[in-house]
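Enquirer: what's the 3D shape of this:
(2 chains)
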Amino acid sequence: MQTHEAKRVEIIIESIMEERLSAALIKAGVTGFSVLPVLGGSGRSGHWSGEGQVSRIGGMVNVVCIVRPERVDPLLDAAFEVVDRHIGVVSVTDCQVLRAERF
Amino acid sequence: MEGTLALAADNLTSPIILFFVLGVAAAFARSDLSIPEAIAKGLSIYLLFAIGFKGGASVAAHGVDATLVLSLIAGIILSFVLPLIAFGLLRVMSRLSVTDAAAVAGHYGSISIVTFVAATSVAESAGLSPEGYMVAVAAVMEAPAILSALWIIARSGQQAGAMEEGLVREILLNGSIVLLVGSFLIGGITGDEGMQMIAPFIEEPFQGVLCLFLLDMGLVAGRGLREAKSVLTAGLFAFGVVMPLVGSLFGLGAGLALGLSPGGVLLFMTLAASASYIAVPAAMRVALPEANPSVYLTLSLGVTFPFNLTLGIPIYLALSQALTGG
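Expert: Residues are numbered from 1 along each chain as shown, chains lettered A, B, ... in the order given. Predicted coordinates:
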């Protein structure tokens, strides 16, 4: 089956910043992304869990976007404006998609 | 003194406190006991709805007067001023950076609605009838402290996030405030008739729901303390106990100056003594991400909240009764 090259960008960020990040991505022309809950994990500040958080402050989400390779830089520029000062992880990986016209 | 000790003892053996203690103990013992998030949110919605409605209905029954407006103004002023005092105390009592100290200070000008609910419950148990509009005072005290914290940062030359439009909207329209104020208004509009219609739902189950909610708060506070012990120095711990006492004296002064009832003075003291752990932490993560959330959450939720719940409220009750002759 014919596949096409694409880039998968994952941004793990505090839940409280999710709306701002989504707005920035849409403004940068990113037409599709998914927001997934993060149950817990471990980082520089030690272990954390989403269970029993008293508010959204302690939670994280994973925003996943798949875009054409030439659109990665504008996406990252837009994302960095939002996440620059905040904790989180941004990663870019190569992937293949079936329907290139959708990205 | 004997009366205060008796009050403290009664408070410490009340079901709401014992359930909170159970939660803390379970968290320390690493039990898998947990209240599902959706249920905890449901309990908090019930409490805000009930306390807001009862406050509004009480205002409808007793009428609106100038003291209501003056109490709101006093609440806003206190919320602006208390962070400045907290910041000064933190700089003396701890080695926190300006950023961390400002972030913590912001929490102590804002309020904890659960502490307010617990104090209302204690007031009713003591036969007091606080002014219903204290619910509105609680609502207006949520946000000004955030501005004070950001002002401290700006004045010290540190970088702070701008008070963007989205953040202002999130602070002013956060779900707790909307529900509390909305229920208060509906209670005020529908008055006694509305109260009679829903009284079986918001009065009888109230204490039981509060017990379950405080069990959850105990679990959250206990887990927070367990995981953030390293940030809690002796100076910070002392601040977490001293600051509510200092704040309560400002609340006492405001309550007495306004001529509030003993119950109203108790609630004003409690509001001034409590520290936010929902609205302000969220605002600080957006506007001041460099500040360490472990410090301000551990202090407000792990130290000041349990202190107010167990010892603070009985002290405030004794003082308010002694100084108002209630």
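
Enquirer: just the strands in chain A please.
Expert: For chain A, strands defined by DSSP state E occupy the ranges A:4-14, A:34-38, A:40-43, A:46-49, A:60-67, A:88-97.

Enquirer: remind me which residues of chain A are low pLDDT?
Expert: Low-confidence segments of chain A, defined by pLDDT under 70, are located at A:44-47, A:50-58.

Enquirer: apologies, that question was intended for the stretch 201-326 of chain B.
Expert: Using pLDDT under 70, the stretch 201-326 of chain B drops low at B:326.

Enquirer: what does it have sitting close to chain A?
Expert: B:216-217, B:219-220, B:223, B:227, B:277-278, B:281-282, B:285-286, B:289-290, B:293-294, B:297, B:301 (C-beta under 8 Å from any C-beta of the partner chain). For glycine as for every other residue, the C-beta is placed from the backbone atoms N, C-alpha and C.

Enquirer: what sits against the residue nearest to the spatial centre of chain B?
Expert: Closest to where the C-alpha atoms of chain B average out (C-alpha atoms, centre = their mean) is residue B:112, at 1.9 Å. Counting by C-beta atoms under 8 Å, 6 or more residues apart in numbering or on different chains, residue B:112 touches B:274, B:275, B:276, B:277, B:300, B:304, B:305, B:308.

Enquirer: what is the nearest of those residues to residue A:23?
Expert: Nearest to residue A:23 among those, counting by C-beta to C-beta, is residue B:276 at 25.9 Å.

Enquirer: give me the pLDDT value at the residue nearest to the closest one when sequence neighbours are not counted.
Expert: In space, not counting the residues next to it along the chain, residue B:276 is nearest to residue B:110; the distance is 3.6 Å by C-beta to C-beta, 6 or more residues apart in numbering or on different chains. If you check residue B:110, the pLDDT there is 94.

Enquirer: burial measure for residue B:244, as a count.
Expert: The number of residues packed near residue B:244 is 30, by other C-beta atoms under 10 Å in any protein chain shown.

Enquirer: and residue A:90, by the same measure?
Expert: Counted with other C-beta under 10 Å, residue A:90 comes out at 14.

Enquirer: bridge partners for the nearest residue to it once chain neighbours are set aside, pull those for me.
Expert: Among residues not flanking residue A:90 along the chain, residue A:11 sits closest, at 5.1 Å (C-beta to C-beta, 6+ apart). Listed by DSSP bridges, the beta-bridge partners for residue A:11 are residue A:63, residue A:90.

Enquirer: and stretch B:319-326, which residues are buried?
Expert: B:319, B:320, B:321, B:324, B:326 (16 or more other C-beta atoms under 10 Å in any protein chain shown).

Enquirer: which SSE is the first one in?
Expert: Under the criterion of DSSP states H and E, residue B:319 resides in helix B:313-324.

Enquirer: so which elements touch that helix?
Expert: helix B:2-12, helix B:113-125, helix B:234-258, helix B:262-273 (3 or more C-beta pairs under 8 Å, 6 or more residues apart in numbering or on different chains; DSSP states H and E).

Enquirer: just how off-centre is that helix within its chain?
Expert: Averaged C-alpha coordinates place helix B:313-324 at 17 Å from its chain's average position (C-alpha atoms, centre = their mean, to the nearest Å).

Enquirer: touching it from outside, list them.
Expert: Residues outside helix B:313-324 that contact it (C-beta under 8 Å, 6+ apart) are B:3-4, B:7-8, B:10-11, B:115, B:118-119, B:122-123, B:126, B:245, B:248, B:251-252, B:255-256, B:260-263, B:265-266, B:269-270, B:273, B:326.

Enquirer: just the buried subset of the residues you listed, please.
Expert: By 16+ other C-beta under 10 Å, these give B:4, B:7-8, B:11, B:115, B:118-119, B:122-123, B:126, B:245, B:248, B:251-252, B:255, B:260-263, B:265-266, B:269-270, B:273, B:326 as buried.

Enquirer: residues contacting residue B:296?
Expert: By C-beta under 8 Å, 6+ apart, the neighbours of residue B:296 are B:100, B:103, B:104, B:106, B:107, B:280, B:281, B:284.

Enquirer: how about it: what's its closest non-neighbour residue?
Expert: Counting by C-beta to C-beta, 6+ apart, the nearest residue to residue B:296 once its immediate chain neighbours are dropped is residue B:104, at 4.7 Å.

Enquirer: surely that neighbour touches residue B:93?
Expert: No. With contact defined as C-beta atoms under 8 Å, residue B:104 does not reach residue B:93; the gap is 10.8 Å.

Enquirer: shared neighbours of those two, which are they?
Expert: Here residue B:104 and residue B:93 share the contacting residues residue B:239, scored by C-beta under 8 Å, 6+ apart.

Enquirer: longest helix in chain A, please.
Expert: Taking DSSP state H as the criterion, chain A has its longest helix at helix A:72-83.

Enquirer: between that one and strand A:88-97, how big is the angle?
Expert: Put simply, helix A:72-83 runs at 160 degrees to strand A:88-97, going by axes from the mean of the first three to the mean of the last three C-alpha atoms, to 10 degrees.

Enquirer: just to revisit the earlier point, looking at residue B:104 and residue B:93, which is more packed in?
Expert: Per other C-beta under 10 Å, whichever of residue B:104 and residue B:93 has more neighbours is residue B:104, with 32 against 19.

Enquirer: what are the buried residues along the strand or helix carrying that one?
Expert: Using DSSP H and E, residue B:104 sits in helix B:98-109. By neighbour count on 16+ other C-beta under 10 Å, the buried set for helix B:98-109 is B:98, B:99, B:100, B:101, B:102, B:103, B:104, B:105, B:106, B:107, B:108, B:109.

Enquirer: please compute how far it lies from its chain's middle.
Expert: 16 Å.

Enquirer: just checking, residue B:91 touches residue B:101?
Expert: Yes. The criterion here is C-beta under 8 Å, and residue B:91 meets it with residue B:101 at 6.0 Å.

Enquirer: ok, now which residue in chain B is the farthest from the centroid?
Expert: Computed with C-alpha atoms, centre = their mean, the residue of chain B farthest from its C-alpha average is residue B:157, at 30.1 Å.
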